[in-house]
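K.L.:
return atomic coordinates for the entry below.
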Amino acid sequence: MKKAIIGASSGIGKELARTLARDAYRVGITGRRESFLAALKNEAPDSFLPQVLDVSDTETCIS
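P.N.:
Numbering: from 1, shown residues only. Modelled structure (predicted):
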């Protein structure tokens, strides 16, 4: 099972990602802060697939 969370580096997104990982999901996690995503990945390396993404940066977001 797979899910993706935008804004998983903190707050509700982070807790939702943790919950899904505990329920055996593979979770794509995105956020602006690479170090926060890396820390989350370290909690469950086989569950999280991190990608830095800033939706306010129109140069790097897919349109």
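K.L.:
any idea of the mean pLDDT for the one helix or strand Gly28 maps to?
P.N.:
Using DSSP states H and E, Gly28 sits within strand 26-31. What strand 26-31 shows for mean pLDDT is 96.
K.L.:
quick thing: my sequence starts at 45, can you match it?
P.N.:
I'll keep to 45 as the first residue from here, and by that count the last item is strand 70-75.
K.L.:
show residues contacting it.
P.N.:
45-54, 57, 61, 64-65, 81, 84-85, 90-97 (CB atoms under 8 Å, 6 or more residues apart in numbering). All C-beta atoms are positioned from the backbone trio N, CA, C, and that covers glycine.
K.L.:
how far does the following helix or strand past it sit from the chain's center?
P.N.:
Scanning forward in sequence from strand 70-75 by DSSP H and E, the next helix or strand is helix 78-87. Its chain's C-alpha centre and that of helix 78-87 lie 8 Å apart, by CA atoms, centre = their mean, to the nearest Å.
K.L.:
cheers, nothing more for now.
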